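Asks: sequence first, then the predicted structure, then my questions.
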Amino acid sequence: MSLGGEGKLPYESIGTAFEQVSELPGLDYLTMHLWVENWGWYNPRQPDTYDDAMQKAMAYLDDHVTIATRLRKPLVLEEFGISRDGGEHHPTGATLKRDQYYRTILDYLYNKALGGAAVGGSNFWSWSGEGKPLQPEALWQEGHPFTGDPPHEKQGWYSIYFEDKSTLQVIGEFVRKMSNL
């Protein structure tokens, strides 16, 4: 059993008490989220913010992995994602930076698991498959196709489509490596 919580969150004022709650004996595994854009660490329209965002992301991951390993409970990165290059929401937008981000995060998790840390896996956000927004960056409306982005967020923000072969390759490599552990 898990709470399905977002983890410590990057802001002390929110106070999720992640570490204390994670010690509860009824929890079998721990969860966390990582949102470098939503938390204002990365602005895809300002590529020079990427390196700093990645330093924060790695420290954030390290903190959670350390807690999970100490408690001997697997950690699942339950949600993480990043937009297409330049903040593009259109399904044909480039994914070079997103692929780099996914590879960095997934390689980190795999290497931690390979080294014996309590890493159980991850879930990327968000699978859209064939669902494409009728108007990228608009909010979902009744009758529109469903994408992986929730109705209250701009459609196409974190969506991964069947055509996103390079992103799917990065994810597939992670799945194969984790399956062999």
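Replies: Sure thing, it's come through. Residues are numbered from 1 along each chain as shown.
Asks: which strands and helices sit next to the lengthiest helix in the chain?
Replies: Counting residues, the longest helix found in the chain (DSSP state H) is helix 50-71. Contact partners of helix 50-71 among helices and strands, from 3 or more Cβ pairs under 8 Å, 6 or more residues apart in numbering; DSSP states H and E: helix 18-22, strand 30-34, strand 75-80, helix 96-114. For glycine as for every other residue, the C-beta is placed from the backbone atoms N, C-alpha and C.
Asks: the inter-axis angle of that helix versus strand 30-34?
Replies: Interaxial angle, helix 50-71 versus strand 30-34 (axes from the mean of the first three to the mean of the last three Cα atoms, to 10 degrees): 170 degrees.
Asks: low-confidence ranges in this protein?
Replies: For the chain, the stretches flagged by pLDDT under 70 are 11-15.
Asks: nearest residue to the middle of it?
Replies: residue 80 (0.9 Å; Cα atoms, centre = their mean).
Asks: who's that one bridged to?
Replies: residue 34 (DSSP bridges).
Asks: hmm, who's touching stretch 57-75?
Replies: Contacts with stretch 57-75, where a contact means Cβ atoms under 8 Å, 6 or more residues apart in numbering, come from 7-8, 10, 18-19, 22-23, 27-32, 34, 36, 41, 77, 105, 108-109, 112, 116-121.
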